[in-house]
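Engineer: Prediction below, plus the sequence it came from.
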Amino acid sequence: MNNFNDSASRATHDEVNFNEIIGALKESRNLIAIIISVFALSSVIYSLLAPQIWTSQALMTVSESNAGSVGSGALNGLASIANLGMSEGNIEGSKALATVRSREFFNHIVVFDGVLENLMAAKSFNHKSQETIFYSKLYDASSQKWVDGKPTNWLAYKKYLSGLSIIMDNKTSFITLSMDHRSPLFAESFLSLIIEEINSLSRERDIKESEASLNYLYNELNSSKQSDIRLTISQLIESQLKKQMLARVKTDYILQSLDPPFIPEERTSPQRTSLVLISTFIGVIVAILFTLIRFYILKNLKKFSD
């Protein structure tokens, strides 16, 4: 009998508390509406004033000619023995991506026209004139001069890394490169420049290495008289000649485009609809919590004063 009475008492108490909550929310409906409106209006203003970011993307793969290049097969064999699951494409792709992220590579591409000012001083993009609008306090576009001095390469390098995204699928060796920027045209052109230059630099490097290797091998071939050694050297010379031929002929030497960089037609951010909906939802939660906390604080103060 006592248990039944206790259960009934708790049910009545819960009902009273629930009614108190509903009553408190009804009494403060104007305050709740104001708080929600503030959150929603703030999100609308922010979404309108926030800089628009555009993302160009490219899907790449390691060129087949380099997936089986000289020396990578041995490394792949060691990786297989160690059960690391590395493919030759993974190895060459990782080397290329490490180069893209390096300061040395950035110092090479930052000297190209328009790169530094677009990285460090771009404000927005004029879709009518198809031109980048720069911060006038940083860069004077008419005279093409920096107002307070040219930014350092280190600051530009950090800006470069913040806009660059690289994802490599270790199973397929597919590489996704993307570049965020306030100008959709620059995002596409800069990503294209990165891919073009990484291929060009890799090509030049391999040609120099191959020429040095060939000079050494020809000298060894002329000085050696043993037939088995001469045969081995001849095979190495053939391999280096093939490597040099590919480097001189193939445009997509390291990274081959499956889906080349494109000019984005839709901005990446701000996503105005999502931003307003999320902000309004947060405003509802904040308004309800604030109203209930305020109600119980006032209630307890009233009891204390009585």
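Structural biologist: Yes, it's here. Everything numeric here is computed off the predicted structure, so don't read it as measured data.
Engineer: Next, count neighbours for Asp148.
Structural biologist: 8 (other Cβ atoms under 10 Å). Where you see a C-beta, it was placed from the backbone N, CA and C, and this is true even at glycine.
Engineer: I'd assumed Arg230 was in contact with Leu221.
Structural biologist: Yes: counting by Cβ atoms under 8 Å, Leu221 touches Arg230, with 6.1 Å between them.
Engineer: which residues in this structure form helices?
Structural biologist: 2-27, 29-49, 64-67, 72-81, 88-101, 103-109, 115-121, 153-163, 184-223, 227-249, 272-305 (DSSP state H).
Engineer: Relative to Glu266, which of those helices is closest?
Structural biologist: Ranking these by proximity to Glu266 (Cβ to Cβ) places helix 184-223 first, at 9.3 Å.
Engineer: And that closest one, what's buried?
Structural biologist: Buried residues in helix 184-223, counted by 16 or more other Cβ atoms under 10 Å: 184-195, 197-199, 201-203, 206-207, 210, 213-214, 217.
Engineer: helices or strands next to that helix in the packing?
Structural biologist: strand 54-62, helix 88-101, helix 103-109, helix 115-121, strand 122-126, strand 174-181, helix 227-249, strand 255-259 (3 or more Cβ pairs under 8 Å, 6 or more residues apart in numbering; DSSP states H and E).
Engineer: Redo the ones you listed as JSON lines? Include mean neighbour count, distance to Ile167 and mean pLDDT.
Structural biologist: Below are these laid out as JSON lines (neighbours: other Cβ atoms under 10 Å; distance: least, Cβ to Cβ, whole Å; pLDDT from 0 to 100):
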{"stretch": "strand 54-62", "mean neighbour count": "21", "distance to Ile167": "10", "mean pLDDT": "93"}
{"stretch": "helix 88-101", "mean neighbour count": "19", "distance to Ile167": "10", "mean pLDDT": "76"}
{"stretch": "helix 103-109", "mean neighbour count": "15", "distance to Ile167": "18", "mean pLDDT": "95"}
{"stretch": "helix 115-121", "mean neighbour count": "21", "distance to Ile167": "21", "mean pLDDT": "96"}
{"stretch": "strand 122-126", "mean neighbour count": "16", "distance to Ile167": "24", "mean pLDDT": "93"}
{"stretch": "strand 174-181", "mean neighbour count": "20", "distance to Ile167": "4", "mean pLDDT": "94"}
{"stretch": "helix 227-249", "mean neighbour count": "14", "distance to Ile167": "27", "mean pLDDT": "87"}
{"stretch": "strand 255-259", "mean neighbour count": "16", "distance to Ile167": "13", "mean pLDDT": "90"}
